[in-house]
Each structure stands twice: as structure tokens, then as C-alpha cells.
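Asks: just need the structure, nothing else, for what follows:
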Amino acid sequence: MANVYAVMEQHFADEKQALESGEFLSGAIQTEDAADDFRVTVDIVHAMYSSRNQFRLLLEKSQGSSLEGAVDQIVQISDQHYQMLAETMAKLTGAPPIEHNVIHWIAHMQIDLFVYAVTHIESEQEAIRYMEHAVRYMVCGWYGMFGIVPDME
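Replies: Residues are numbered from 1 along each chain as shown. A predicted model of the protein is given here:
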């Protein structure tokens, strides 16, 4: 979990810095953002698959233990970051604000990508192929909420 938290925290800090500098909404950064999202995704998949049995225990058998709410903690971290991104992007683009319940659902959906992978996909390589499509879907959906069609080529 520590490795996953570290990757997430660094990625969120990088995104926040890009947003604050104004680079986040430029056409070039959208393409780079999608590539960076995928690199981070691969790093998280690698960390999970390096300890796949432990992650499966955490996800499937942690009821009653101190780790029972680990997934909810990760969702909460993502939720806070996405809320900040959404508020800032709405201001910068002039798009209407996104309701928090939608942001919270997106945080769940993103974390569920990883939960699904580690509990249903046997190999790290297969999980990475699955994530290529999942990350594209998430990036296009995120930008689409603000009326932006990212160049994913």
C-alpha cells in the first residue's frame, strides 16, 4: 500500500502543479497528461502485481482487520484531489461546476479499475493491456465534462 500511496501522491502533486501553472489545459499537456496517467497506472499495476496475493487478501479478506477500509481511504484521497481539479478546471474553462456526487463516483470508478484488475486479471501484462483502454476512457470522460475533446493520438 505504501508504494501505491507514494505513486498516487506524486502524480497528484504533479497534476496540481500543472494546473496551477496553466499547463494542464493546453493541447500539448492534454496528450502528455494522458501519457502520464498511463505511466502512473502502469506503476500502480506493477506495485500491486508485485504483491498480488497480499493485495487480494486486502481486497477480499480484510473484513474485521485494521485494513478493512483501505480502499475507501484511497477513494477519499482521490475524491479530494478530483474535487480540487474539477473546481479549478470549471473556473478556467467556464464550464458549469461538477456536482460532488459525480466527482465521488469518478473516484470510486477509478479505484475500481485497479481493484477489478488485481482480483480478476491473472497477469500484470494483461492488466496493463486492460488499463490502456480504461485510462483512455477515464481521460476522455474527465476532459469531456469540461467540454474539451483531448487529442489522444
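Asks: most distant residue from the middle of the protein?
Replies: Distance to the chain centre peaks in the chain at G64, reaching 26.9 Å (criterion: C-alpha atoms, centre = their mean).
Asks: any idea how far the residue nearest in space to the middle of the chain lies from A117?
Replies: Residue closest to the average C-alpha location in the chain (C-alpha atoms, centre = their mean): Q110, at 5.0 Å. Look at Q110 and A117: by C-beta to C-beta, to the nearest Å, they are 12 Å apart. Where C-beta positions appear, they are placed from N, C-alpha and C, glycine not excepted.
Asks: if we can go back for a sec, ok, the residue nearest to the centre of the chain touching M138?
Replies: Yes - between Q110 and M138 a contact is recorded at 6.1 Å, counting by C-beta atoms under 8 Å.
Asks: so which residues of this protein form helices?
Replies: Taking DSSP state H as the criterion, the chain contains helices spanning 2-21, 27-50, 52-61, 70-93, 100-120, 124-144.
Asks: can I get the ones you listed in JSON lines including distance to P150 and mean pLDDT?
Replies: Shown next, in JSON lines, are these (distance: least, C-beta to C-beta, whole Å; pLDDT from 0 to 100):
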{"stretch": "helix 2-21", "distance to P150": "14", "mean pLDDT": "80"}
{"stretch": "helix 27-50", "distance to P150": "4", "mean pLDDT": "78"}
{"stretch": "helix 52-61", "distance to P150": "30", "mean pLDDT": "87"}
{"stretch": "helix 70-93", "distance to P150": "12", "mean pLDDT": "91"}
{"stretch": "helix 100-120", "distance to P150": "16", "mean pLDDT": "95"}
{"stretch": "helix 124-144", "distance to P150": "5", "mean pLDDT": "92"}
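Asks: state the distance from G141 to D79.
Replies: Counting by C-beta to C-beta - G141 and D79 are separated by 16 Å.
Asks: one more: G147?
Replies: 22 Å.
Asks: the two - which one has more neighbours?
Replies: Looking at G147 and D79 with other C-beta atoms under 10 Å, you find the greater number of neighbours at D79, namely 20 against 10.
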